[in-house]
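> Predicted model and sequence below, questions to follow.
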Amino acid sequence: MTGVPTVDVMDETFLAVPPSSVAAAFADPRSWRRFWPDLELAVYADRGDEGVRWTVRGALVGTMEVWLEPVLDGTVLHYFLRADLPAGGEGRRPVKEAQRRQRAAKAVALDLKFVLEDGRPPGIAPASG
């Protein structure tokens, strides 16, 4: 990547679960294909309960990060994607691609929120199993 990336996406979503629960959702490389089916990811920093950093290839070329910040009784899921269109991808529109990636990032976060929180509102202790 040189200069300013053509796709620069940032997102934050609060999940009412501990960082370890969110980290577990990103620990299995098979889940990455479900979240980002057109990207080939390689971990360059596994930060455990603090998140993961990847290099990105495929439909985009650059870096991606999930940073998990403990906040109150849950986690703020920070998502960053900084990438360029690959060689030969010049016909794609960078603004449209960035908007598509923003919607996809929020969809991943909201899906995890729904599944992991399992109806738990913030400030209410999780049901004991």
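Nice, thanks for sending it over. Residues are numbered from 1 along each chain as shown.

> For the rest of this, base every contact and every neighbour count on C-alpha atoms.
OK.

> any weak-confidence spans in the chain?
Within the chain, the set of residues satisfying pLDDT under 70 comprises 1-5, 88-92, 122, 125-129.

> need the helices for it, in chain order.
Here the chain has its helices, by DSSP state H, at 19-27, 29-35, 94-117.

> Determine which stretch of the ones you listed is the most buried.
With neighbours taken as mean count of other C-alpha atoms under 10 Å, these reach their highest mean count in helix 19-27, at a mean of 18.

> what angle separates that one from helix 94-117?
Angle of helix 19-27 versus helix 94-117, following axes from the mean of the first three to the mean of the last three C-alpha atoms, to 10 degrees, is 130 degrees.

> by contact count, what packs against helix 19-27?
With contacts taken as 3 or more C-alpha pairs under 8 Å, 6 or more residues apart in numbering; DSSP states H and E, helix 19-27 sits against strand 51-58, strand 61-71, strand 74-84, helix 94-117.

> pull the CA atoms of that helix into PDB?
Below are the C-alpha coordinates for helix 19-27, written out as PDB (Å, rounded to 0.1, in the frame of the first residue of the first chain):
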ATOM      1  CA  PRO A  19     -13.700  -9.300  25.500                       C
ATOM      2  CA  SER A  20     -12.900 -13.000  25.800                       C
ATOM      3  CA  SER A  21     -16.300 -13.900  24.400                       C
ATOM      4  CA  VAL A  22     -15.800 -11.600  21.400                       C
ATOM      5  CA  ALA A  23     -12.200 -12.800  20.900                       C
ATOM      6  CA  ALA A  24     -13.400 -16.400  20.700                       C
ATOM      7  CA  ALA A  25     -15.600 -15.400  17.700                       C
ATOM      8  CA  PHE A  26     -12.500 -14.300  15.800                       C
ATOM      9  CA  ALA A  27     -10.100 -17.100  17.000                       C
END
